[in-house]
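**Q** coordinates only, sequence not included:
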Ligand code: AHM
Ligand code: MG
């Protein structure tokens, strides 16, 4: 089998479609290299002394794990000096991180969740990195948080890495979705799935059902219908999976379909769900749409939401189109 590396894929994509300028290619390659480093640290586990809590909290008041902090540092350091970025933002940092003055600045802005699925770190379950790339607004001088507040449709690239039984990198630059597997011996990313497609129909859903008593009526109705199986209104049986790492749940959905949900609920009426819009929902929504799926907050397309703040939360329904449209319809009735 002829092996296509990430570099070759990016160069050829640029040649064919003119869609990946050199600076963006460099950016993607640097992020991919950082993911390789994170994958290495993750795989060492206790032997690398990377497990457990870092003894600090992030801006969302969540306890930071050592690997959350380490992965954030790896991504910052890798991306600072290349000249392709104006600024970065991360789940683990309260404010944006402009490129220090000692380095040249570029026209892109990078957002990431350095280590998604933090509750799974210490128990050896798949975790990952999610990233989103925006262009700096024209005429921007010193980047501010406001420059990042662009709707998801403006993303020029998005991707995630899963650190699981294999380490994979899933990427879109707006021209379909491709998956690369890390060849650990060679240290390279090899293209292993081209043009991933999410089937419109599915019999599998993902939701943290321990929150069922707090769900709002449209979500209750939808899940009740799925759970009533082939004797209920849907006339078929549904299976359920919940990994508690969005990267791993989304990766399953890209491979065999399904719907992933993290709805808003009645516990905290002013908090629309748990997941963050700019570095979790937007990149995943971009990838899922590029693979023929859909992504909404229950009412509207996630990619159309105008962000109000960097760490904004959003309800998420994404995956197989027909199911996402159905549950969105229940919210809008
Ligand atoms: P994190 O970025 O702090 O790891 O939180 C996001 C994660 C998602 O990966 C996952 O879908 C969700 O939180 C799981 O939440 P819960 O523990 O409520 O099931
Ligand atoms: Mg996360």
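**A** Nice, thanks for sending it over. This is a predicted model, so every value here is computed, not measured. Ligands and ions are numbered 1, 2, ... in the order given.
**Q** ok, which stretches of the stretch 151-300 of the chain are helices?
**A** Along the stretch 151-300 of the chain, the segments classed as helices by DSSP state H, counting those that start in this stretch run 217-227, 246-256, 282-290.
**Q** Pick the most deeply packed of the ones you listed.
**A** helix 282-290 (a mean of 27; mean count of other C-beta atoms under 10 Å). (Glycine included, C-beta is placed from N, CA and C.)
**Q** What lies in contact with that helix?
**A** When contacts are defined by C-beta atoms under 8 Å, 6 or more residues apart in numbering, helix 282-290 is touched by residues 111, 130-132, 152, 155, 158-160, 170, 172, 174-177, 198, 246, 250, 253-254, 294-295, 301-303, 316, 318-319.
**Q** which of those come close to ligand 1?
**A** Intersecting the contacts of helix 282-290 with the contacts of ligand 1 gives residue 246 (criterion: C-beta under 6 Å from any ligand atom).
**Q** that older thread, any chance of the helices of the stretch 151-300 of the chain in JSON lines, plus mean pLDDT and distance to residue 41?
**A** Shown next, in JSON lines, are the helices of the stretch 151-300 of the chain (pLDDT from 0 to 100; distance: least, C-beta to C-beta, whole Å):
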{"stretch": "helix 217-227", "mean pLDDT": "98", "distance to residue 41": "37"}
{"stretch": "helix 246-256", "mean pLDDT": "98", "distance to residue 41": "16"}
{"stretch": "helix 282-290", "mean pLDDT": "98", "distance to residue 41": "22"}
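**Q** one step back: from the contacts of helix 282-290, list just the buried residues.
**A** Among the contacts of helix 282-290, those classed as buried by 16 or more other C-beta atoms under 10 Å are 111, 130-132, 152, 155, 158-160, 170, 172, 177, 198, 246, 250, 253-254, 294-295, 301-303, 316, 318-319.
**Q** Point out the ones among those residues that are inside strands.
**A** Using DSSP state E, the members of the buried ones among the contacts of helix 282-290 that fall in strands are 111, 130-132, 158-160, 170, 172, 177, 294-295, 316, 318-319.
**Q** Up against ligand 1, what does the stretch 1-150 of the chain have?
**A** Residues of the stretch 1-150 of the chain lying near ligand 1 (C-beta under 6 Å from any ligand atom): 62, 91, 113, 116, 117, 118, 119.
**Q** Spell out which parts of the protein neighbour ligand 2.
**A** Residues of the chain lying close to ligand 2 by C-beta under 5 Å from the ion are 113, 116.
**Q** Which one of the residues in the chain is closest to ligand 2?
**A** Nearest residue of the chain to ligand 2, counting by C-beta to the ion: residue 116, 3.5 Å away.
**Q** I figured that residue hits residue 128, correct?
**A** Yes - Residue 116 lies in contact with residue 128 (C-beta atoms under 8 Å); the separation is 5.0 Å.
**Q** Now do the shared contacts for the two.
**A** 160, 245, 246, 247.
**Q** give me the number of residues near the residue of the chain closest to ligand 2?
**A** When counting by other C-beta atoms under 10 Å, one arrives at 29 neighbours for residue 116.
**Q** still on that earlier bit, show me the residues of the stretch 1-150 of the chain next to ligand 1 that map onto strands.
**A** Applying DSSP E to these, the entries found in strands are 113, 116.
**Q** Identify the residues contacting the closest residue to ligand 1 within the stretch 51-200 of the chain.
**A** Residue nearest to ligand 1 within the stretch 51-200 of the chain: residue 118 (3.8 Å; C-beta to the nearest ligand atom). Residues near residue 118 by C-beta under 8 Å, 6+ apart: 62, 65, 67, 68, 127.
**Q** where's the residue lying farthest from the centre of the chain relative to residue 237, distance?
**A** The outermost residue of the chain, judged against the average C-alpha position, is residue 231 (35.7 Å), by C-alpha atoms, centre = their mean. From residue 231 across to residue 237, the span is 9 Å (C-beta to C-beta, to the nearest Å).
**Q** try residue 139
**A** Taking C-beta to C-beta, one finds residue 139 at 56 Å from residue 237.
**Q** try residue 141
**A** Residue 141 sits 58 Å away from residue 237 when distances are taken as C-beta to C-beta.
**Q** what about these two, which has more around it?
**A** residue 237 (13 against 9).
**Q** Confirm that residue 327 lies within a helix, as I assumed.
**A** Yes - membership of residue 327 in a helix is supported by DSSP: H, G, I helix; E, B strand; the rest coil.
**Q** residues contacting it?
**A** 218, 219, 222, 259, 261, 298, 317.
**Q** Please repeat the previous calculation with a cut-off of 7 Å.
**A** 218, 222, 317 (C-beta atoms under 7 Å, 6 or more residues apart in numbering).
**Q** from those residues, which is closest to ligand 1?
**A** For the contacts of residue 327, the nearest to ligand 1 is residue 317 (12.7 Å; C-beta to the nearest ligand atom).
**Q** count of neighbours near that closest one?
**A** Other residues near residue 317 come to 28 when the count uses other C-beta under 10 Å.
**Q** Can you give me the pLDDT of it?
**A** With respect to pLDDT, residue 317 scores 98.
**Q** Tell me the bridge partners for it.
**A** Residues in a beta bridge with residue 317, per DSSP bridges, are residue 261, residue 296.
**Q** which helix is the longest one in this protein?
**A** helix 22-44 (DSSP state H).
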